[in-house]
Structures are given as C-alpha cells and as structure tokens.
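**Student:** predicted model and sequence below, questions to follow.
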Amino acid sequence: MSFTLLSESTPKARKSHVCDWCGELIEKSTTYYRYSGNNSGDFQCTKMHLECRDAMDRDIKDYDSWDYEFIPRDNPRGKTIAEKDNEQYQKTRHV
C-alpha cells in the first residue's frame with residue numbers, strides 16, 4: 001500500500017464529526033486535525049481530536065515503519081495502541 005498526503009490542517013469544526021482514531025465525537029467549534037490523501041488509488045479524509053493525532057504520532061514513532069496503519073475508531077482517546085494494550089494487560093493482572 002502507498003499513501004500520498006495531499007493536505008493537512010487544524011480547522012475549527014463547523015459541525016460535529018467522529019474522530020477516526022477513537023470514535024468519539026469531535027464537538028462543533030472544537031479545533032481538530034484533518035488530513036487527506038490518496039491511499040493506493042482511493043481518496044481518504046481523516047479527522048481526529050488533537051490529542052488523538054498526538055497519540056498516532058507517538059504510535060508511528062514506536063512502530064518505526066512507513067507502512068503504518070491503524071484500525072479506525074478502535075483506540076482510546078489520546079492513547080497509542082501500545083498504551084491501550086498495556087492498560088488491558090494491567091487490568092488482567094489485577095483481576
């Protein structure tokens with residue numbers, strides 16, 4: 001797969017959106033991160049809370065690869081995939 005970034009911005013929401021990282025609502029008038037691009041021939045537009053974008057950036061650094069992907073709307077707000085997995089592991093240890 002290849003991804004070509006076409007644009008990115010941090011607009012103020014004119015209406016509510018759903019965060020593609022965590023699945024929670026991005027409230028109207030909230031500043032959020034938006035990027036769009038071409039993903040293997042398909043147009044893609046992604047919207048995220050600013051803290052979710054930060055989590056994705058941390059996750060990419062930990063992943064250390066250019067072919068990074070995530071499951072949309074499947075991550076805790078503002079947490080990396082590793083942080084989510086660590087929290088789940090800690091919960092099972094204390095049961």
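**Tutor:** Perfect, thanks for sending it.

**Student:** can you map out the helices along the chain?
**Tutor:** 50-63, 81-93 (DSSP state H).

**Student:** so which residues make contact with the first one?
**Tutor:** Contacts of helix 50-63 from elsewhere in the structure, counted by CB atoms under 8 Å, 6 or more residues apart in numbering, are 10, 19, 21-22, 31-33, 48, 68, 70, 75, 77-83. Where C-beta positions appear, they are placed from N, C-alpha and C, glycine not excepted.

**Student:** from S40, how far out is H49?
**Tutor:** 26 Å (CB to CB, to the nearest Å).

**Student:** those two: who's more crowded?
**Tutor:** Each of H49 and S40 has its neighbours counted (other CB atoms under 10 Å); H49 has more, 23 against 9.

**Student:** run through the residues that contact the spatially closest residue to the more buried one that is not a sequence neighbour.
**Tutor:** Excluding the flanking residues, the one nearest H49 by CB to CB, 6 or more residues apart in numbering is C19, at 5.1 Å. By CB under 8 Å, 6+ apart, the contact set of C19 is 25-26, 32, 47-49, 52, 73, 77.

**Student:** give me the pLDDT for C19.
**Tutor:** Per-residue confidence at C19 stands at 98 (pLDDT).

**Student:** what do you get for Q90?
**Tutor:** For Q90, the predicted pLDDT is 64.

**Student:** ranges for the strands of the chain?
**Tutor:** Remark: strands assigned in the chain by DSSP state E are 3-9, 17-18, 25-26, 32-39, 42-49.

**Student:** just send those strands back as TSV, with distance to R58 too.
**Tutor:** Formatted as TSV, the strands of the chain follow (distance: least, CB to CB, whole Å):
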stretch	distance to R58
strand 3-9	17
strand 17-18	21
strand 25-26	20
strand 32-39	14
strand 42-49	13
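
**Student:** related to what we said a few turns ago, farthest pair in the contacts of C19?
**Tutor:** Greatest spatial distance among these (CB to CB): Y32 and R73, at 14.5 Å.

**Student:** got the contact list for the spatially most central residue of the chain?
**Tutor:** Note on the chain: the residue nearest the mean C-alpha position is W21, at 3.3 Å, using CA atoms, centre = their mean. The neighbourhood of W21, defined by CB under 8 Å, 6+ apart, consists of 48-49, 52-53, 55-56, 70, 72-73, 75, 77.
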